[in-house]
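Asker: just the structure for this:
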Amino acid sequence: MTVVPPPRTRFARVLPATLCAAAALLAACHTSSNQPPGTPVVTMGDLTNSGDFMSYIVSIDAIALTRNDGTTVTPLVTPVTVDLARLNTLTEFVEAPAVPQGTYVSGLITIDWTLGTGATQPVWLNNNGQTLSASPQNASGAGMGTASVIVTFDPAHPLVVTYNQSVRLQVAIDLTASNEITSTSPAAVQVQPFVTMSPAPVDNTVMRLRGEFVTTQQVDSGFYMNSRPFYDLVTALGAVIVHTNAQTYFNINGIVYTGAAGLSQLATQQQNTPLVVNGTLGSLAEITPTFDATEVYVGTAQESELAYYVTGTVTARSSNNTLTLRAADYLSPLGVTYTGLATPAYVDSLSVTIGSGTFVLKDGVATPGLGIADVSVGQQITVAGQPGFDSTGTVLQSLDATAGLLRLQSTTLWSTLNADGTQDVLSLGRIAPAQLNFTGTGASGGAATPSAYVVDTSAVPPGPALTTGELLQVQGGVTPFGSAPPDFTARSLTAGPSTLQTLVVNWINGGSAHPFSSSASTGLVVNLADADLGATHEIRTGPASTPCSGTAGQCLDLKTLPASPLITTTGADQSNLQLAVGSTTLTSGISVFNNAAGFAKAVDGDFAAGTNKIFRLVAYGQYDSANNTFVASRISVALHE
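Answerer: The predicted model follows:
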């Protein structure tokens, strides 16, 4: 469906390059109105570790909020392009605009899938480690266009915007609940968008805040910036005060500083210099929110008008210092466009040339003496350089980084533990071992063996004893090229069942009108004998993706359990529940609840008459095998459109 944006009300609350006067401008430099403003701090993320997609690029055309008196405001009026697959592991600070104070009862988000076809297809599947370009289709089998999703807030927990204060609004586009993979040859996904919005607390969620530097003046141990999320190179979406401390890591134009030294160097930068800050939300007590920084990347360390910046996983390295980079997003100096054969923001495979002039740094760590020898297979990197295109001059095929910059980034390894202490690799940097060429990674020209991968865990704090065959999630970095073993140095290690698990069930034949054998505030129980039950009814752990093979402890078929498990919120953090039911075709859209009783009542109401049918059920949490319960803090009941 196509959205006609409603009448809009929106204040500008960004810092101009020429400041008004002291800190008072934060509340005074907005458009005049009879209604004093507050600030909804919009964050977007879906921290689910979904393995189904390598890339899922859409345009968020607008976000609107409706107040209880019918007034509609549009915090986001300028379309922004986003790779939703990247938001599975990192939350983005989207914007902090000023809007009139009041109680807001619903939101609307407009999503556009029409960003490209063929070579520029924005949706790429992860089909058991193989990347496949996929066509997003609606329920009728036609190509997805622009869709609007209404989200109704919990009546007991609306979004309250207070004068001269900020409040967080968390937005999540649930890819697992929104998409059914219908074919892999050719690849296609059926899309019925499922979005949640909900007021959220300030917590320890790690976020990425991208934007432009303004000034260090009048901020103790910090600076002002304007937010500019995702790939945007044009707009400014709200001012933020960033606080730093003695441990904050700065990478300013490729030079590393720590603490006060970095802040002093930042003060010398021009206004509107691009930067990215990693950290957490700080205080929302004032109209301008604060952000606590752990890492700050400034200027050419992050982006510039003279280079392409590509982020992906190294899957091979040749003797002539040529890297193969896979599953890569990139930012061009002129921004992202998807008209005709315009350059895509995702490239499945890219040749990158590095050399002695490539400046190598490690994110978050002031490590001296790094060079191109530190770049090896499996490592996730961001690299800047000059592009090479195909014969049409539009499709990116190579990058010359011999005089560029390369950042080594934390890499995720999923594996199972072998009896001899080595690990059997399931995925490294999101890539399956069959797609990784380890030639040259070992000493004397040897190669790492993915089925007997040697991981140095000496820096990992002691924990519970591990058992042979146990599924593991390891964070760290790959050993420099040509010097393994060890093959990988771990910074942290988590047993698979202790990571976030996903329960997924689908239904066929247009869905089921009676999908649950019981539904109450104590939880939901799926009717596994339903004639319309689909092939997916499993609990996924780690990099499991569709089709889920059930190997290496990644998938647990619900039908193999003693009984259909109770999906419950009992035992989950009650202060941050997000329980949702609905579809785009309901008048109320998708209704979000922050308590189990309200959610259960809504689910019963939606299925009571037998008119609504279910599309997918997705729950995020942990499986308790002793009690045969799945304890979830997030549950999505996606109804058929």
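
Asker: only C-alpha atoms from now on, for both contacts and neighbour counts.
Answerer: OK.

Asker: how about residue 260: what's its closest non-neighbour residue?
Answerer: residue 246 (6.3 Å; C-alpha to C-alpha, 6 or more residues apart in numbering).

Asker: swap in residue 384?
Answerer: residue 309 (4.4 Å).

Asker: which residues touch that neighbour?
Answerer: Contacts of residue 309 were listed using C-alpha atoms under 8 Å, 6 or more residues apart in numbering, and they are 302, 303, 330, 331, 332, 382, 383, 384, 385.

Asker: which SSE is immediately downstream of the helix or strand harbouring it?
Answerer: Element membership for residue 309, per DSSP states H and E: strand 308-317. Beyond strand 308-317 in the direction of the C-terminus, DSSP H and E gives the next helix or strand as strand 322-331.

Asker: name the surrounding residues that touch that next one.
Answerer: Contact with strand 322-331 is made by 54-55, 131, 231, 303, 308-317, 345-354, as judged by C-alpha under 8 Å, 6+ apart.

Asker: could you point out the helix or strand that follows it?
Answerer: strand 346-353.

Asker: could you check the angle that next one makes with strand 322-331?
Answerer: The directions of strand 346-353 and strand 322-331 differ by 140 degrees, with axes from the mean of the first three to the mean of the last three C-alpha atoms, to 10 degrees as the criterion.

Asker: all numbers from here: first residue = 545
Answerer: Shifting the count to begin at 545 puts that one at strand 890-897.

Asker: pairing partners for strand 890-897, with directions?
Answerer: Applying DSSP bridges, strand 890-897 is found paired with strand 866-875 (antiparallel), strand 940-953 (parallel).

Asker: for the longest one, give me every contacting residue.
Answerer: If I follow you right, that is strand 940-953. By C-alpha under 8 Å, 6+ apart, strand 940-953 touches 798, 845, 852, 887, 891, 893-907, 919, 923-934, 1021.

Asker: would you show me how to pick out the buried ones of those residues in ChimeraX?
Answerer: Of the contacts of strand 940-953, the buried ones can be selected in ChimeraX as follows, counting by 16 or more other C-alpha atoms under 10 Å:
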select :798,845,852,887,891,893,894,895,896,897,898,899,902,903,904,905,906,907,919,923,924,925,926,927,928,929,930,931,932,1021
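
Asker: out of the contacts of strand 940-953, which sit inside strands?
Answerer: 852, 891, 893-897, 903-906, 924-933, 1021 (DSSP state E).

Asker: what's the closest non-adjacent residue to the residue lying farthest from the centre of the chain?
Answerer: In terms of distance from the mean C-alpha position of the chain, residue 988 ranks first, at 39.1 Å (C-alpha atoms, centre = their mean). When the adjacent residues along the chain are set aside, residue 988 lies closest to residue 1026, with 7.0 Å between them (C-alpha to C-alpha, 6+ apart).

Asker: right, and that neighbour touches residue 982 too?
Answerer: No: look at residue 1026 against residue 982 with C-alpha atoms under 8 Å: they stay out of range, at 9.9 Å.

Asker: isn't there a helix covering the residue nearest to residue 988?
Answerer: No: with DSSP: H, G, I helix; E, B strand; the rest coil as the criterion, residue 1026 is coil rather than part of a helix.

Asker: so what's it up against?
Answerer: 917, 984, 985, 986, 987, 988, 989, 990.

Asker: in the record's domain split, what are the boundaries for this protein?
Answerer: 569-743, 852-953, 956-1039, 1045-1183 (automatic domain parsing).

Asker: what's the closest of those to residue 770?
Answerer: With respect to residue 770, and counting by C-alpha to C-alpha, the nearest of these is domain 569-743 at 8.7 Å.

Asker: next, the angle from the one helix or strand residue 970 maps to to strand 924-933.
Answerer: Of the helices and strands defined by DSSP H and E, residue 970 is found in strand 967-972. Strand 967-972 runs at 50 degrees relative to strand 924-933, counting by the same axes, to 10 degrees.

Asker: can you tell me the centre-most residue of the chain?
Answerer: residue 631 (0.7 Å).

Asker: in the chain, which segments are predicted with low confidence?
Answerer: 545-557, 559-578, 593-594, 660-665, 673, 879-888, 1088-1097 (pLDDT under 70).

Asker: and residue 764, how many neighbours?
Answerer: Other residues lying near residue 764 total 10 when counted by other C-alpha atoms under 10 Å.

Asker: name the nearest residue to it, sequence neighbours excluded.
Answerer: Excluding its sequence neighbours, the residue lying closest to residue 764 (C-alpha to C-alpha, 6+ apart) is residue 787, at 7.6 Å.

Asker: and for residue 810?
Answerer: Across the structure, with C-alpha to C-alpha, 6+ apart as the measure, the residue nearest residue 810 apart from its sequence neighbours is residue 796 (7.3 Å).

Asker: I'd assumed residue 808 was in contact with that neighbour.
Answerer: No: Residue 796 is beyond contact range of residue 808, at 11.0 Å (criterion: C-alpha under 8 Å).

Asker: quick one: which of the two has more around it?
Answerer: More crowded of residue 796 and residue 808, by other C-alpha under 10 Å: residue 796, with 21 against 14.

Asker: list the residues that contact that one.
Answerer: 806, 809, 810, 840, 841, 842, 843, 844, 845.

Asker: okay, and the first one sits in which element?
Answerer: When secondary structure is defined using DSSP H and E, the element that contains residue 806 is helix 804-810.

Asker: the fourth one too?
Answerer: For residue 840, the enclosing helix or strand under DSSP H and E is strand 834-842.

Asker: tell me how far that strand lies from the chain's centre.
Answerer: Centroid separation for strand 834-842 versus its chain: 18 Å, with C-alpha atoms, centre = their mean, to the nearest Å.

Asker: with only the CA atoms kept, save it in PDB.
Answerer: C-alpha atoms of strand 834-842 as PDB (Å, rounded to 0.1, in the frame of the first residue of the first chain):
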ATOM      1  CA  THR A 834      23.100  13.000  26.300                       C
ATOM      2  CA  PHE A 835      25.200  10.100  25.000                       C
ATOM      3  CA  ASP A 836      28.100   8.400  26.800                       C
ATOM      4  CA  ALA A 837      30.900   7.600  24.400                       C
ATOM      5  CA  THR A 838      33.300   4.700  24.400                       C
ATOM      6  CA  GLU A 839      34.600   5.100  20.900                       C
ATOM      7  CA  VAL A 840      34.700   8.200  18.600                       C
ATOM      8  CA  TYR A 841      35.600   8.000  14.900                       C
ATOM      9  CA  VAL A 842      36.100  11.400  13.200                       C
END
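
Asker: counting by contacts, list what that strand packs against.
Answerer: Counting contacts by 3 or more C-alpha pairs under 8 Å, 6 or more residues apart in numbering; DSSP states H and E, strand 834-842 is packed against strand 783-787, strand 793-796, strand 818-825.

Asker: now the strands for the stretch 945-1094 of the chain?
Answerer: In the stretch 945-1094 of the chain, the segments counted as strands under DSSP state E, counting those that start in this stretch are 955-961, 967-972, 999-1000, 1015-1022, 1032-1039, 1045-1051, 1060-1064, 1067-1070, 1077-1085.

Asker: now do the last one: which elements does it pack against?
Answerer: Using 3+ C-alpha pairs under 8 Å, 6+ apart as the contact criterion, the secondary-structure elements in contact with strand 1077-1085 are strand 1045-1051, strand 1099-1101.

Asker: which residues touch the helix holding residue 806?
Answerer: So helix 804-810 is contacted by 760, 765, 766, 789, 790, 793, 794, 795, 796, 800 (C-alpha under 8 Å, 6+ apart).

Asker: output the residues you listed as TSV; include the columns distance to residue 736.
Answerer: Listed next are those as TSV, based on distance: C-alpha to C-alpha, whole Å:
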residue	distance to residue 736
760	45
765	46
766	43
789	44
790	47
793	41
794	42
795	41
796	42
800	45
